[in-house]
Structures are given as structure tokens and as C-alpha cells.
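Chemist: Provided below are the primary sequence and the corresponding predicted coordinates.
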Amino acid sequence: MAAIQETRSATVGDTTPVTMRKLSFGFFDDSGQPRESRILMFYSFENDERLARSGILHYHLGERRFVGPRHDSELTEAALAFLEKSGRLQPES
């Protein structure tokens, strides 16, 4: 499992700032999804109250975007940086 850890700020809803501490990502490589078109990855972090949060992100390579439930832009930006650092996604030119 590849992972990075960092601290980022995010906004929940329209107004509430939340800090994502110990933000980490990893891959679900054995998900059964075709690796040529999709990347499934998980994330986890602690919020300001030190409560653990986690979930799954689904990136569609052909559409070059995350699909499924809408996620905070700071979370998806960090996920894109992780995908680029891990070599799973080439930076857009």
C-alpha cells in the first residue's frame, strides 16, 4: 500500500473549516475494477476533534475526474497529487 500523510484544511458544507490531520491515501488494486479505466483508492484523516474519517474515492481515467459522491475540493486535490506522485496518473499538460 502506498500512502502519504499530511495536514490540510477543508471546508465542510459552505462555511465550516475543518483540518484534515494525518491525511493518507492507498489503493484498492484488487477491487475487480479494470485498472485500465479506473482507480479505486481509500482515504483517511482525523478532524479537529481527533475523530477518524475515511472513505473511498473512484477516479475514472477516461474522464479524468472523480466519479460518485461529491467530495471536498481540498480532498480531491490532495488525492490527485497522490496519484501523480505514485505514478498512477500523469500530470495534465
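Modeler: On my side now, so go ahead. Numbering: from 1, shown residues only.
Chemist: and the helix or strand where Leu40 lies, what does it pack onto?
Modeler: Per DSSP states H and E, Leu40 falls inside strand 38-46. For strand 38-46, the packing partners by 3 or more C-beta pairs under 8 Å, 6 or more residues apart in numbering; DSSP states H and E come out as strand 16-27, strand 52-60, helix 73-85. For the C-beta atoms, the positions are set from N, CA and C on the backbone; glycine is no exception.
Chemist: taking strand 52-60 as reference, get the angle to the last one.
Modeler: Yep, that's helix 73-85 we're talking about. Per axes from the mean of the first three to the mean of the last three C-alpha atoms, to 10 degrees, the angle that helix 73-85 makes with strand 52-60 is 60 degrees.
Chemist: quick one, phi psi at the residue lying closest to Glu84 once chain neighbours are set aside?
Modeler: In this structure, Glu84 finds its nearest non-sequential neighbour in Pro91, 5.4 Å apart by C-beta to C-beta, 6 or more residues apart in numbering. Pro91 has phi and psi values of phi -60, psi 150 when expressed as degrees, to the nearest 10.
Chemist: could you do Arg35 as well?
Modeler: phi -70, psi -20.
Chemist: which residues touch it?
Modeler: Residues in contact with Arg35 (C-beta atoms under 8 Å, 6 or more residues apart in numbering) are Asp29.
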